[in-house]
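Colleague: okay, predicted coordinates and the sequence, questions at the end:
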Amino acid sequence: MTAATKTRIITEVPGPRSREIAELKAEFVSRSVSPALPVYIASAEGSVLTDVDGNEFIDFGSGIGVTSLGHVNEAAVAAAIEQSKRFTHTLFSVTPYELYVQVARRLAGITPGNFAKKSVLSSTGAEAIENAIKIARSHTRRNGIAVVDHAYHGRTNLTLGLNFKASPYSTGAGPRPGEIYRAVNSYPFRDGLSGVEAAKRAIAYWEKTAGVENLACLLIEPIQGEGGIILPAEGFLETLQAWCREQGIVIIADEIQTGLGRTGALFASEHFGFEPDLVATAKAIAAGYPLSAVTGRAEIMDAMPAGGLSGTFSGNPVACAAAIEILDQLEAEGAMSRAVAVGERIQAGLRELQAQYPSLIGDVRGLGALHGIELVNADGSPNAAAQAALSRAAIERGLLLLGGGSDGQVLRMLPAINISDELIDEALAILGECLAAL
Ligand code: PLZ
């Protein structure tokens, strides 16, 4: 046992109390909701989770990129509590409040593109994607949606059709929606194509199968998250962008996982010179309070009629209060440079591990606090078993990692963007031990 193991883990994992709750879970919670990790969390602070048995875990998941500025972010939680005492709900589309407007104003200021922007707020990422598509269709009076493989956009009925993977998301859930055209993405590690080549391949496919005059929008994650931290080859997004502009196709960037500082820039699009017409955000925007948004060109955002967008909980005031605090922290001096430094430290550590295990770690990739390693078999094929074994070994040693990749072959790392060097080093040491044990 290493020092890390001794100090953080004090029972078997899962411990007795987690196992007790898991039994209740099996009895009362749908089997279809299936936690990736076996421990139940009692509290969290900064970048460390504590489970109901007193075990601690360095959090390299952040609830899939939500608690990007640390768990129980003090200022955001304080703002939410203060707002909760004033009012918790009125429904913006009945009796509006300023916080909603201020969040929209702030998003207009930070999203890519120097043009007039407006927003619509909602609660979840999938809802933001649904809204963005409604807006794009309404604006263009076209129906087709262009997406790429390995994409993930949510769990609602429309977004199920946008996801690459049928299982488990769509299994048994009935027919998926039409007018969705899925082309092959740029995947440098697997396809060896330049960004321009990959973009031309996708464009040719969409032109044939959808017909440009039928395409309302291109929906794309600038870096794919669930798909396995896939960074497109240079030139891919720019080439798609030029084509969309030429053809009047609305570009929707899904920055739900990559946005709001995750990659060391406020939006991942910025790394690629990508300037979407609409940007979907959610996850990290409000410290864990549910809030999402579509922000984009004012003339496009106004396409639906008055009353066409909203929902009971859309732009909840408590979540908006937390969001203002989070946006302040993201825009504060040094926040993005810390995220960049976090990424450099993680990537350097991962590259060292890759040098030690070159036949297992096929690829190391990422930007800022968004990294992945692609695990391969001897023949280069995806190695999901290694990912599962490493995730399991890591949690037993006090490190929470996420799986990813369409074949389950990618180990994903999304720590807080302000995590300390000490915790990064400890996490990398634990990962090293797990690799040695494999
Ligand atoms: N778009 C790029 O990453 C959510 C999924 C968790 P919601 N990813 C985590 C799970 O197993 O359901 C996500 C995303 C991207 C859209 C979404 C959807 O966001 O807030 O989960 O609806």
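Modeller: Everything's here; your move.
Colleague: that's a strand at Ala22, yeah?
Modeller: No: using DSSP: H, G, I helix; E, B strand; the rest coil, the secondary structure at Ala22 is helix, not a strand.
Colleague: number of nearby residues for it?
Modeller: For Ala22, the count of nearby residues is 16 (other CB atoms under 10 Å). All C-beta spots, glycine's among them, are computed from the backbone N, C-alpha and C.
Colleague: and the closest residue to the ligand within the stretch 101-250 of the chain, how many neighbours does it have?
Modeller: With CB to the nearest ligand atom as the measure, Gly125 is the residue of the stretch 101-250 of the chain nearest to the ligand, at 2.2 Å. For Gly125, the neighbour count with other CB under 10 Å is 27.
Colleague: tell me how far it lies from Val52.
Modeller: 28 Å (CB to CB, to the nearest Å).
Colleague: could you list the low-pLDDT ranges of the chain?
Modeller: 1-6 (pLDDT under 70).
Colleague: who in it is up against the ligand?
Modeller: For the chain, the residues in contact with the ligand (CB under 6 Å from any ligand atom) are 64, 124-126, 129, 152-155, 221, 225-226, 254, 256-257, 282.
Colleague: how about the helices of the stretch 51-200 of the chain, start to end?
Modeller: Under the criterion DSSP state H, counting those that start in this stretch, the stretch 51-200 of the chain contains helices at 62-65, 74-86, 98-110, 125-140, 157-162, 188-191, 195-209.
Colleague: could you chop the chain up by domain?
Modeller: Domain ranges of the chain: 16-65+334-437, 74-331, per automatic domain parsing.
Colleague: now find how far off-centre stretch 212-232 is within its chain.
Modeller: The chain centre lies 13 Å from the centre of stretch 212-232; the measure is CA atoms, centre = their mean, to the nearest Å.
Colleague: so which bits of it are buried?
Modeller: 212, 215-232 (16 or more other CB atoms under 10 Å).
Colleague: coming back round to it: wait, what's in contact with the residue of the stretch 101-250 of the chain closest to the ligand?
Modeller: By CB atoms under 8 Å, 6 or more residues apart in numbering, the contact list for Gly125 reads His153, Gly154, Asp254, Ile256, Ala280, Ala282, Lys283, Ser292.
Colleague: pull up the gap between Gly273 and the ligand, please.
Modeller: Here Gly273 is placed at a distance of 20 Å from the ligand (CB to the nearest ligand atom, to the nearest Å).
Colleague: can you give me the neighbour number for that residue?
Modeller: Gly273 sits with 12 neighbouring residues when counted by other CB under 10 Å.
Colleague: for the closest residue in space to it that isn't next to it in sequence, pull up the helix or strand it's in.
Modeller: Distance criterion CB to CB, 6 or more residues apart in numbering; nearest residue to Gly273, sequence neighbours excluded, is Glu238 at 5.6 Å. Using DSSP states H and E, Glu238 sits in helix 236-247.
Colleague: got the angle for that helix vs helix 195-209?
Modeller: Put simply, helix 236-247 runs at 40 degrees to helix 195-209, going by axes from the mean of the first three to the mean of the last three CA atoms, to 10 degrees.
Colleague: hang on, the earlier thing: which of the helices of the stretch 51-200 of the chain sits most buried?
Modeller: helix 125-140 (a mean of 24; mean count of other CB atoms under 10 Å).
Colleague: contacting residues around the closest residue to the ligand within the stretch 301-438 of the chain?
Modeller: The minimum distance from the stretch 301-438 of the chain to the ligand, using CB to the nearest ligand atom, falls at Leu402 (9.4 Å). Shown in contact with Leu402 (CB under 8 Å, 6+ apart): Ala36, Phe60, Gly61, Ile64, Ser391, Leu411, Arg412, Met413, Leu414.
Colleague: got a quick PyMOL command for the buried subset of those residues?
Modeller: Here is the PyMOL command that selects the buried residues among these (16+ other CB under 10 Å):
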select buried, resi 60+61+64+391+411+412+413+414
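Colleague: what residues are up against the closest residue to Ile220 other than its chain neighbours?
Modeller: Nearest non-adjacent residue to Ile220, counting by CB to CB, 6+ apart: Val148, 6.0 Å away. With contact set as CB under 8 Å, 6+ apart, Val148 has these partners: Phe164, Arg182, Ala183, Val184, Asn185, Ala202, Ile220.
Colleague: farthest pair in those residues?
Modeller: Within these, Phe164 and Ala202 form the most distant pair, 13.6 Å apart (CB to CB).
Colleague: thinking again about what came up before, for Gly296, find the nearest of the helices of the stretch 51-200 of the chain.
Modeller: Going by CB to CB, the one of the helices of the stretch 51-200 of the chain nearest Gly296 is helix 125-140, 7.7 Å.
Colleague: with just CA atoms, put the closest one into CSV.
Modeller: C-alpha atoms of helix 125-140 as CSV (Å, rounded to 0.1, in the frame of the first residue of the first chain):
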residue,chain,number,x,y,z
GLY,A,125,-27.8,20.4,-21.5
ALA,A,126,-30.2,18.3,-23.6
GLU,A,127,-32.8,21.0,-23.2
ALA,A,128,-30.4,23.6,-24.5
ILE,A,129,-29.6,21.4,-27.5
GLU,A,130,-33.3,21.0,-28.2
ASN,A,131,-33.8,24.7,-28.0
ALA,A,132,-30.9,25.4,-30.3
ILE,A,133,-32.3,23.1,-32.9
LYS,A,134,-35.7,24.6,-32.7
ILE,A,135,-34.2,28.0,-33.2
ALA,A,136,-32.0,27.0,-36.1
ARG,A,137,-34.9,25.3,-37.8
SER,A,138,-37.2,28.2,-37.2
HIS,A,139,-34.6,30.6,-38.6
THR,A,140,-33.7,28.7,-41.7
